[in-house]
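Asks: this one's structure only:
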């Protein structure tokens, strides 16, 4: 039978004030993800994803589990293969005997020294279809584990991209806060100077002090949030975030419409496909259990040689070839119960398919709705930032000639600052939503992202061990290390 394989990794209009407030509120409530400032020495998101693909312990553990599952196939196929046993024994035997007859009683002792050599070969011919059923079960379990590996890989890619984006976003927001504090520091100093010459009142100073104090608190909160994001990054990625990060730009294969996204999820989502393969494996298990009620037929060939060392030349050799059949008649009802249990397990697995399908469709639908909405939010907030920046420039100029109050300037700066933070959050949320769509349709893998890594072949270990009759290792030490991926091969050297 051939190894079961899966396809590699297939996984503008004007706004009113109320409208702007709604947009900013929606952006603030959206799922956080990614905005970053382009630094000079940044490590790109692709670099971090490639590193996670090669070294992340969850991915490596899932690969190891796939290889554990692959061993079910040669164990099942062993049902077709012969077993060979060799038995030998040698040693002295003392026989004490007493013979009574009409002539009297005779007692004596006889010492024997015998050697026994026996070779037996058993070739299964029919075992109720158990080997076929177990092989089918093993192949489908292996396919299910391949999809599980793909799901794990996608989850790690999502986590790394999200952590990267969160650090980048929070760094950008912290920078906006720093600029806001700097602006308000200058404005407070300027207002205090102007109050001395009577251009403004103490109320204007109090307003400036209030905005300045609030900006300082906001900056401290932003720095605390950034520190927490960096801690999460180190936990998930495995090392501290490398300085200031570039804006995460990934070419994601996102369907054009919501319906397309749902349909692709139904066809390609690894969690759904893993559940389907597990259901097929459960069906084969029913046949494997039920086979215990059917006859077992084997061909047995053997050679046995007995030699008495006390008698020179005395040797007995027996050769045999025979068919052996075992027919279970009643096994106390245990196998019947195990069969019923296996049949109910199929029902459980079918429910798992439905659950996985509903969950995946719900997730991708939610991500698509967010993504579609946030695209409009981002466009509108970009216009808002541009307009608010011009408004602030005008307020500052008009305030200098007495046409605007200090409060007008402070309010304009606050509006611009809030719009910048909301835009950063909305852009980040749009990026995260796109990641969720790609994950749902099975397109968030190393192959789909075109990461600069040596790809892990999920079939390599199975191909190495499936038809292996003997030996503890699937290949040479170097090849065995290569099966584990780039990181393991490096460690082996």
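Replies: Structure's in. What do you need? What you are looking at is a predicted structure, and each value in this text was computed from that prediction instead of being measured. Numbering: from 1, shown residues only.
Asks: contacts and neighbour counts: CA atoms only from here.
Replies: Will do.
Asks: tell me which element residue 188 falls in.
Replies: Secondary structure assignment for residue 188, by DSSP states H and E: helix 130-196.
Asks: Repeat that for residue 91.
Replies: Here residue 91, judged by DSSP H and E, is contained in strand 83-101.
Asks: Where do the helices of the stretch 251-400 of the chain begin and end?
Replies: Ranges of helices within the stretch 251-400 of the chain are 258-268, 270-290, 334-400, based on DSSP state H, counting those that start in this stretch.
Asks: Please name every helix or strand in contact with the strand holding residue 91.
Replies: strand 104-126 (3 or more C-alpha pairs under 8 Å, 6 or more residues apart in numbering; DSSP states H and E).
Asks: The strand it packs on pairs with which strands, parallel or anti?
Replies: strand 83-101 (antiparallel), strand 296-308 (antiparallel) (DSSP bridges).
Asks: List the contacts of the shortest one.
Replies: Here strand 296-308 makes contact (C-alpha atoms under 8 Å, 6 or more residues apart in numbering) with 112-128, 314-327.
Asks: Just the buried residues of those.
Replies: Buried by 16 or more other C-alpha atoms under 10 Å: 114, 116, 118, 120, 121, 122, 123, 124, 125, 126, 127, 128, out of the contacts of strand 296-308.
Asks: count of residues packed around the closest residue in space to residue 155 that isn't next to it in sequence?
Replies: Take residue 155 and drop its neighbours on the chain: the residue closest to it by C-alpha to C-alpha, 6 or more residues apart in numbering is residue 439, 7.8 Å away. Using other C-alpha atoms under 10 Å, residue 439 has 30 neighbouring residues.
Asks: contacting residues for residue 439?
Replies: Going by C-alpha under 8 Å, 6+ apart, residue 439 touches 11, 154, 155, 158, 269.
Asks: Starting from residue 57, give me the distance back to it.
Replies: From residue 439 across to residue 57, the span is 20 Å (C-alpha to C-alpha, to the nearest Å).
Asks: still on that earlier bit, which strands or helices does the helix holding residue 188 pack on?
Replies: Contacts defined by 3+ C-alpha pairs under 8 Å, 6+ apart place helix 130-196 against helix 45-55, helix 57-70, helix 72-77, helix 202-237, helix 270-290, helix 406-440.
Asks: Residue 470: which element?
Replies: Using DSSP H and E, residue 470 sits in no helix or strand.
Asks: From residue 460, how far out is it?
Replies: Going from residue 470 to residue 460 by C-alpha to C-alpha gives 18 Å.
Asks: neighbour-wise, which of those two wins?
Replies: residue 460 (15 against 8).
Asks: before we move on, what SS does residue 404 have?
Replies: Under DSSP: H, G, I helix; E, B strand; the rest coil, residue 404 falls in the coil class.
Asks: The closest residue in space to it that isn't next to it in sequence - how many residues pack around it?
Replies: Nearest residue to residue 404 in three dimensions, chain neighbours excluded: residue 398, at 5.4 Å (C-alpha to C-alpha, 6+ apart). Per other C-alpha under 10 Å, the neighbour tally for residue 398 reads 15.
Asks: Cheers, nothing more for now.
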